[in-house]
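Undergrad: attaching a predicted model along with its sequence, questions to come.
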Amino acid sequence: MSERQRANRQPSAVTSAPLRLGTRGSKLAMAQSGQVADALTARTGRPVELVEVVTAGDRSNAPVHRLGVGVFVSALRDALVAGTIDFAVHSYKDLPTAPAPGLHIAAVPQRQDPRDALVARDGKTLAELAPGASVGTGALRRIAQLHALGLQLSVTPIRGNIDTRLGRVLGPEADLDAVVLARAGLARIDRTDAITETLDPMMMLPAPAQGALAVECRADDPDLVELLALLDDAPSRAAVTAERAMLATLEAGCSAPVAAYAEVAEGDTGDEIYLRGAVISPDGTREIRLSRTGTPADAAEIGKALATELLELGADSILGPQAHDGLGTQQFGSTE
Ligand SMILES: NCc1[nH]cc(CCC(=O)O)c1CC(=O)O
């Protein structure tokens, strides 16, 4: 480590200098980083300064499922390790399942509504769209589930930031009848007004960790770890732990679109976790859906067990064309 890096690593929770929160410059990233910064300052009195970090994902126009979502994350993680920022806020669903050496997820703040949302012309719901209506979405998981609904929709892969995607339906250049995107993203940039239907997880099971944030810092900064942990929400962390454990276990044996949604609720004998998981072929003709319950303390085991059961039922045989065009299983988490 250089002298400069060593010096950069000094500021932490024990000083009163502003904490440097590294963020992508997109409207969504700025919004969620700003919200976490405000929450931390309100909670601790510590000022937080946003530091913009440009990622390879922001510079490229290639489809996200080809880039891999990791490209949005690695520049932030490099800045954390180098000490040019103190902490970062990620959309949890964009994090690769492999752990990042030297880094620690200090908090999972209370999760937003994890469901997907439809934004359609003329206030329409999915069921009201005419056969052949064009629906845009970037995620293989959504494409697969839209096909599985059997509504004869014309599903179009799209990408771009949230405003770009909304513009495909609402703007002067609108060319689609509808788009599907995460409700949480719309909520964070204050655009839930555009939603014409919030999709029931029975027909559109969300991505693992959708709607959750990961607040990450260096593992060797215990004061900051402790400070950021004040933002942690235990039920949200348990839900995300179950969903991500399922995803990580499936990655080893399957490269089909995966969906997972855990709900934590108070039961008669304490909190209960209810995890649903699904693997769907990209054309929607084959799918396996399962669920499991348990206690939040066993979240990781529940996720692993559900994935094992999905694999036993043939999850690995539900392969889409993406399995044959050079994308290995390590790309699996990039379906969002
Ligand atoms: N795929 C990109 C992405 N990463 C995080 C969100 C916002 C939702 C979230 O924080 O989970 C989105 C937009 C979307 O999926 O529509």
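TA: Okay, I see it.
Undergrad: just give the closest residue to Pro296, not the sequence neighbours.
TA: Counting by CB to CB, 6 or more residues apart in numbering, Pro296 lies nearest to Ala238, which is 3.7 Å off, once chain neighbours are set aside. Bear in mind the C-beta positions are built from the backbone N, C-alpha and C, glycine included.
Undergrad: and the one you found, that's in a helix?
TA: Yes - per DSSP: H, G, I helix; E, B strand; the rest coil, Ala238 lies within a helix segment.
Undergrad: please renumber so the chain begins at 32
TA: Let's use 32 as the start, then, which means that last one is Ala269.
Undergrad: tell me who's in contact with it.
TA: Ala293, Val295, Asp302, Ile304, Pro327, Ala328, Ala330 (CB atoms under 8 Å, 6 or more residues apart in numbering).
Undergrad: can I get the strand or helix carrying the last one as PDB, trimmed to CA atoms?
TA: Going back to what we said before, that points to Ala330. Per DSSP states H and E, Ala330 falls inside helix 330-343. Output of helix 330-343 as PDB, limited to C-alpha atoms (Å, rounded to 0.1, in the frame of the first residue of the first chain):
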ATOM      1  CA  ALA A 330     -32.200 -17.900   6.400                       C
ATOM      2  CA  ALA A 331     -29.100 -19.100   4.600                       C
ATOM      3  CA  GLU A 332     -29.900 -22.800   5.200                       C
ATOM      4  CA  ILE A 333     -33.500 -22.200   3.900                       C
ATOM      5  CA  GLY A 334     -32.200 -20.600   0.700                       C
ATOM      6  CA  LYS A 335     -29.600 -23.400   0.200                       C
ATOM      7  CA  ALA A 336     -32.200 -26.100   0.800                       C
ATOM      8  CA  LEU A 337     -34.700 -24.500  -1.600                       C
ATOM      9  CA  ALA A 338     -32.000 -24.300  -4.300                       C
ATOM     10  CA  THR A 339     -31.000 -28.000  -3.800                       C
ATOM     11  CA  GLU A 340     -34.600 -29.000  -4.200                       C
ATOM     12  CA  LEU A 341     -34.900 -26.900  -7.400                       C
ATOM     13  CA  LEU A 342     -31.800 -28.600  -8.800                       C
ATOM     14  CA  GLU A 343     -33.200 -32.000  -7.800                       C
END
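Undergrad: tell me the SS of the residue nearest to Ala290 when sequence neighbours are not counted?
TA: In space, and not counting its chain neighbours, Ala290 is closest to Leu236: 3.5 Å by CB to CB, 6+ apart. The three-state label given to Leu236 by three-state DSSP is coil.
Undergrad: isn't Leu236 right next to Arg173, touching?
TA: No - with contact defined as CB atoms under 8 Å, Leu236 does not count as touching Arg173 (9.9 Å).
Undergrad: okay, helices next: where are they in the stretch 32-181 of the chain?
TA: Taking DSSP state H, counting those that start in this stretch as the test, the helices found in the stretch 32-181 of the chain are 34-39, 58-75, 87-90, 95-98, 101-113, 171-179.
Undergrad: mean neighbour count, these: which tops it?
TA: helix 171-179 (a mean of 24; mean count of other CB atoms under 10 Å).
Undergrad: what about it, near the ligand?
TA: No - using CB under 6 Å from any ligand atom, helix 171-179 stays clear of the ligand, with a minimum separation of 8.4 Å.
Undergrad: who touches that helix?
TA: 96, 147, 166, 168, 184, 186, 188, 211, 234-236, 238, 287-290, 309, 311-316, 318, 351, 353, 366-367.
Undergrad: and the helix holding Ala330, what's buried?
TA: Going by neighbour count (16 or more other CB atoms under 10 Å), the buried part of helix 330-343 is Ala330, Ala331, Ile333, Gly334, Lys335, Ala336, Leu337, Ala338, Glu340, Leu341, Leu342.
Undergrad: can you name the residues of this protein that neighbour the ligand?
TA: So the chain meets the ligand at Ser122, Lys124, Asp125, Leu212, Ala213, Ala215, Gly216, Gln241, Gly242, Glu367 (CB under 6 Å from any ligand atom).
Undergrad: which of the residues you listed fall within helices?
TA: Among those, DSSP state H puts Ala215, Gly216 in helices.
Undergrad: filter the residues of the chain next to the ligand down to the buried ones.
TA: Of the residues of the chain next to the ligand, these count as buried by 16+ other CB under 10 Å: Ser122, Lys124, Asp125, Leu212, Ala213, Ala215, Gly216, Gln241, Gly242, Glu367.
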